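A.B. asks: have a look at this prediction, sequence included:
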Amino acid sequence: MRVAVVQFPGSNCDQDTLWALRLVGLQAELVWHTEGSLEGFQAAILPGGFSYGDYLRAGALAKFSPVMQEVRRLASRGYPVVGICNGFQVLTEAGLLPGALLANTNLHFTCKEVFVRVERIDLPFTSGYSPGQLLRLPIAHGEGRYYADAETLERLEQNHQVVFRYAPPPSTPEATGYNPNGSLHDIAGIVNEKGNVLGMMPHPERAVEEVLGGTDGLGLFRSLKAALEVLLA
Ligand SMILES: NC(=O)CC[C@H](N)C(=O)O
């Protein structure tokens, strides 16, 4: 099984993502965004960064990269596709996920650790977590405020497409002000209806070893490995 980590001009989390995938024993390779084929890959990750310098809007230009046709094809065949941070922005711009990521309400680039609650564990990305588990993960973005119209939000909730939600720290469960960017419904990550395309703003690849400050992101990569083993058995 091979996982493609797509590199756009301006990506900057591609090596970290590659590292995390290899750490759990997945075969992963970098793929430049002009690549016209992802034949032989069974999953793709769009990593974080500033594709095309975030010109116009984050992800607005990357959606036109040739590789995106192939990402779309993988997704339509039911293979796992993950967009992390800038990758999430690209997936919404490309229409593979609903909604949009707008500028943070405080208009600042925010780089810190947050807590997110795992809302679903029946997905190829979350089977290694427990229901309601709180994860401590880093965020680093200027345009992370999840927005969708009321009808779309309602549909997301009804279909249980919200996978990760910003939450207060376990030490102060009643705390307010934990939502770092003003995302509606505290949304930090969603899946498509089929459940094989995930977009999330926090960076699981930056939380895979104690030396990085935590290992709560490992579960995502382990879940992906387990899912691919079943998918390709
Ligand atoms: N870490 C990232 O992927 C940054 C995402 C994006 N460029 C933003 O600032 O919103």
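C.D. replies: Sure, I can see it.
A.B. asks: distance-wise, check Asn159 relative to the ligand.
C.D. replies: From Asn159 across to the ligand, the span is 26 Å (C-beta to the nearest ligand atom, to the nearest Å). For glycine as for every other residue, the C-beta is placed from the backbone atoms N, C-alpha and C.
A.B. asks: my read: that residue touches Lys194, true?
C.D. replies: No. Contact criterion C-beta atoms under 8 Å: Asn159 and Lys194 do not qualify, at 10.3 Å.
A.B. asks: so for those two, which sits in the more crowded spot?
C.D. replies: Asn159 (13 against 9; other C-beta atoms under 10 Å).
A.B. asks: can you report phi and psi for the residue lying closest to the more buried one once chain neighbours are set aside?
C.D. replies: In this structure, Asn159 finds its nearest non-sequential neighbour in Glu193, 6.0 Å apart by C-beta to C-beta, 6 or more residues apart in numbering. Main-chain torsions, Glu193, degrees, to the nearest 10: phi -60, psi -40.
A.B. asks: local confidence estimate at Glu193?
C.D. replies: pLDDT for Glu193: 98.
A.B. asks: output the contacting helices and strands for the helix ranked longest in the chain.
C.D. replies: Ranked by number of residues, the top helix in the chain under DSSP state H is helix 218-231. Applying 3 or more C-beta pairs under 8 Å, 6 or more residues apart in numbering; DSSP states H and E, we find helix 218-231 packed against helix 14-23.
A.B. asks: can I get the helix it packs on in PDB, CA atoms only?
C.D. replies: In PDB, the C-alpha atoms belonging to helix 14-23 read as follows (Å, rounded to 0.1, in the frame of the first residue of the first chain):
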ATOM      1  CA  ASP A  14       5.100  17.600   3.600                       C
ATOM      2  CA  GLN A  15       8.200  16.200   5.300                       C
ATOM      3  CA  ASP A  16       6.600  16.000   8.700                       C
ATOM      4  CA  THR A  17       3.600  14.100   7.200                       C
ATOM      5  CA  LEU A  18       5.900  11.700   5.400                       C
ATOM      6  CA  TRP A  19       7.800  11.100   8.700                       C
ATOM      7  CA  ALA A  20       4.500  10.400  10.600                       C
ATOM      8  CA  LEU A  21       3.300   8.000   7.900                       C
ATOM      9  CA  ARG A  22       6.600   6.100   7.900                       C
ATOM     10  CA  LEU A  23       6.700   6.100  11.700                       C
END
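A.B. asks: touching the ligand at all, that helix?
C.D. replies: No. Helix 14-23 lies out of reach of the ligand by C-beta under 6 Å from any ligand atom, never closer than 10.3 Å.
A.B. asks: pretty sure Val137 is in a strand, no?
C.D. replies: No, residue 137 isn't Val; it's Leu. Yes. The assignment for Leu137 (DSSP: H, G, I helix; E, B strand; the rest coil) places it in a strand.
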